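S.K.: Next comes the sequence, and after it the predicted model I'd like to discuss.
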Amino acid sequence: MSRFSALSLLRGAISGHKNVEPQWPNSELKSEYDVVIIGAGGHGLGAAYYLAKEHGVTNTAVIDKGWLGGGNTGRNTTIIRSNYLYDESARLYDHAVDLWDGLSQELNYNVMFSQRGVMMLAHNVHDVQSFKRHIHSNRLNGVDNVWLSPEQAKAKCPPLNISSTARYPVMGAAFQQRAGTARHDAVAWGYARAAAARGVDIVQNCPVVRISRGADGAVNGVETARGFVKAKKVAVSAAGGTSVIMDTAGVRLPLESYPLQALVSEPVKPVCPGVVMSNTVHAYISQSDKGELVIGSGTDQYVSYSQRGGLPLIEHTLAAICEVFPSFRRMRMLRKWGGVVDVTPDRSPILGKTPVGGLYLNCGWGTGGFKATPGSAHVFAHTIAKDEPHPINAPFTLSRFETGRLIDEAAAAAVAH
Ligand SMILES: Cc1cc2nc3c(=O)[nH]c(=O)nc-3n(C[C@H](O)[C@H](O)[C@H](O)COP(=O)(O)OP(=O)(O)OC[C@H]3O[C@@H](n4cnc5c(N)ncnc54)[C@H](O)[C@@H]3O)c2cc1C
């Protein structure tokens, strides 16, 4: 596959971009692989890429029931940050931020990573104390995070209402400069292209209906809509569909799947340079390069596998946006959509081995797994290749729900992000 460069762009421009080659082949499913990955989102495709690049495992298929990146990877609001409270999470999410920085060069594909900063607003004494605790904890872990006054917060985002008469006035903000956004589907496309170039098969529109186990209890393959595929190892990165497919292997999970929505406004000139989040009033916003305001909503209150959420959530979110940014009241919304997120009781992912030999699990990212994509995929590939966790994902076991050694990031995940 040819590389993108200034010269190749120039050649393309001269030829009218008539000879654009496919970025990855639509592979036929073979009858046998070393590794089958279920789910062609960023996490699954990324794991396939790092398996090939860092561990020499190229006889891999990434199988998706739909089109690649068509799950939560292509539906999220693209916020990236690593200002989580606990040491385990800080290490995992900051590993991802380190890899985001340089991912475009690594993949030779522009994922438009933009470190525009993420600001989390504090609206009451509890918020102030909680965010300052996060800042201290982050700094001890080498994660950048600083406290801003309301005026400093407004300087970073001029439409922000810092009036002291607001229902929940802005009392300050925690700000992570290394945080930001990236182009979500470019992440899936970039990993797919780079993995395919190393020999990985990417098979779309092929649901996996069952994970098969042999007489010894270990996995031996998967049943798909196109027939049985033998596999020495099976890795599941199926987000909202995880509990359903894992059930077929006899593994029940502490997961609940919920619809989560987002929406965008009509495009306007640049008004909001960074990402602003308000856990208390419950909304967050950023501005896309096209000018649309990208607005995140919350999860539905009831579990569901439908990729659409209820209208009350959207109404609540827009009410919150109008409260925090009164000048946005006259804007019209362009479109909304939903994904299905898989949520664990402690709001932290499950990333590692399972009780079944040869079966690996990457799930439970809830409303916030896009930001972790490169870091998670990187350590997941290590776990699959070596059959043991990387030190970074070692705490994120399934067994923590039996031992009680939880990593409770409910506060960090208070607003869907
Ligand atoms: C509206 C919304 C906003 C969000 N905002 C953010 C944000 O700002 N920042 C952030 O960090 N995170 C955010 N998230 C969460 C984030 O999108 C996810 O955590 C992350 O993308 C998960 O990636 P993944 O690769 O694990 O899953 P996905 O991208 O969902 O990929 C899983 C794939 O598995 C496939 N699959 C499932 N079952 C099967 C099967 N049986 N056979 C074959 N294929 C199967 C699906 O088709 C899907 O393509 C948001 C999510 C949503 C829905």
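M.R.: That came through fine.

S.K.: how about the helices in this protein?
M.R.: Per DSSP state H, the chain carries helices over the ranges 6-14, 42-55, 87-100, 103-107, 125-140, 150-156, 184-197, 242-247, 311-324, 373-386, 400-403.

S.K.: Ok, which of those comes nearest the ligand?
M.R.: Closest to the ligand of the helices of the chain is helix 42-55 (CB to the nearest ligand atom; 3.5 Å). C-beta here means a position set from N, CA and C on the backbone, and glycine is covered the same way.

S.K.: If you count contacts, what does the closest one end up packed against?
M.R.: Packing partners of helix 42-55 (3 or more CB pairs under 8 Å, 6 or more residues apart in numbering; DSSP states H and E): strand 32-38, strand 60-63, helix 184-197, strand 359-363, helix 373-386.

S.K.: so how far is it from its chain's centroid?
M.R.: Remark: helix 42-55 is offset 15 Å from the chain centroid, using CA atoms, centre = their mean, to the nearest Å.

S.K.: And stretch 296-304, by the same measure?
M.R.: In terms of CA atoms, centre = their mean, the gap separating the centre of stretch 296-304 from the centre of its chain is 17 Å.

S.K.: Return stretch 10-17 as PDB; C-alpha atoms alone will do.
M.R.: In PDB, the C-alpha atoms belonging to stretch 10-17 read as follows (Å, rounded to 0.1, in the frame of the first residue of the first chain):
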ATOM      1  CA  LEU A  10       0.700  16.300  -5.200                       C
ATOM      2  CA  ARG A  11       0.700  13.300  -7.600                       C
ATOM      3  CA  GLY A  12      -3.000  12.700  -6.700                       C
ATOM      4  CA  ALA A  13      -3.900  16.300  -7.300                       C
ATOM      5  CA  ILE A  14      -2.200  16.300 -10.800                       C
ATOM      6  CA  SER A  15      -4.000  13.000 -11.800                       C
ATOM      7  CA  GLY A  16      -7.300  14.400 -10.500                       C
ATOM      8  CA  HIS A  17      -7.300  11.700  -7.700                       C
END
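
S.K.: So what touches stretch 330-339?
M.R.: Outside stretch 330-339, the residues that touch it by CB atoms under 8 Å, 6 or more residues apart in numbering are 71-72, 75-76, 239-240, 259-268, 292-293, 297, 306-309, 314, 318.

S.K.: nope, stretch 157-167 is what I meant
M.R.: With CB under 8 Å, 6+ apart, stretch 157-167 has contacts from 119, 121, 150-151, 153-154, 169-170, 271-274, 276, 281, 323-328.

S.K.: Can I have the buried ones of those residues as a ChimeraX selection?
M.R.: Buried residues within the contacts of stretch 157-167, by 16 or more other CB atoms under 10 Å, are selected in ChimeraX with:
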select :119,121,150,153,154,170,272,274,276,281,323,324,325,328
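
S.K.: Inside strands: which ones of the contacts of stretch 157-167?
M.R.: Met119, Leu121, Val276 (DSSP state E).

S.K.: pLDDT score for the last one?
M.R.: Taken from the predicted model, the pLDDT recorded for Val276 is 97.

S.K.: Check the first one too.
M.R.: Here, the pLDDT recorded for Met119 equals 97.

S.K.: Name all residues that make contact with the residue nearest to the spatial centre of the chain.
M.R.: Centroid-nearest residue in the chain, with CA atoms, centre = their mean: Phe370, separated by 1.3 Å. In this structure, Phe370 makes contact with Gly42, Asn72, Thr73, Asn76, Thr78, Ile79, Ile80, Ala182, His184, Val187, judged by CB under 8 Å, 6+ apart.

S.K.: Please tabulate those in a markdown table, including the columns pLDDT and neighbour count.
M.R.: Output for those, formatted as a markdown table (pLDDT from 0 to 100; neighbours: other CB atoms under 10 Å):
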| residue | pLDDT | neighbour count |
| --- | --- | --- |
| Gly42 | 98 | 34 |
| Asn72 | 98 | 26 |
| Thr73 | 98 | 28 |
| Asn76 | 97 | 25 |
| Thr78 | 97 | 24 |
| Ile79 | 97 | 22 |
| Ile80 | 98 | 27 |
| Ala182 | 98 | 24 |
| His184 | 97 | 22 |
| Val187 | 98 | 30 |
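
S.K.: Mind checking the helices of the chain for the one nearest to Val229?
M.R.: helix 242-247 (14.0 Å; CB to CB).

S.K.: what residues does that closest one touch?
M.R.: Counting by CB under 8 Å, 6+ apart, 38, 208, 211, 236, 238, 252-253, 255, 257, 305, 342, 354, 361, 363-364 sit against helix 242-247.

S.K.: before we move on, back to that, output the contacts of Phe370 as TSV; include the columns distance to Leu398.
M.R.: Formatted as TSV, the contacts of Phe370 follow (distance: CB to CB, whole Å):
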residue	distance to Leu398
Gly42	21
Asn72	20
Thr73	23
Asn76	24
Thr78	28
Ile79	27
Ile80	26
Ala182	29
His184	27
Val187	26
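
S.K.: taking the residues you listed one by one, which sit in strands?
M.R.: Per DSSP E, these map to strands at Ile79, Ile80.

S.K.: which of the contacts of Phe370 come close to the ligand?
M.R.: The subset of the contacts of Phe370 within reach of the ligand, by CB under 6 Å from any ligand atom, is Gly42, Asn72, Thr73, Asn76, Thr78, Ile79.
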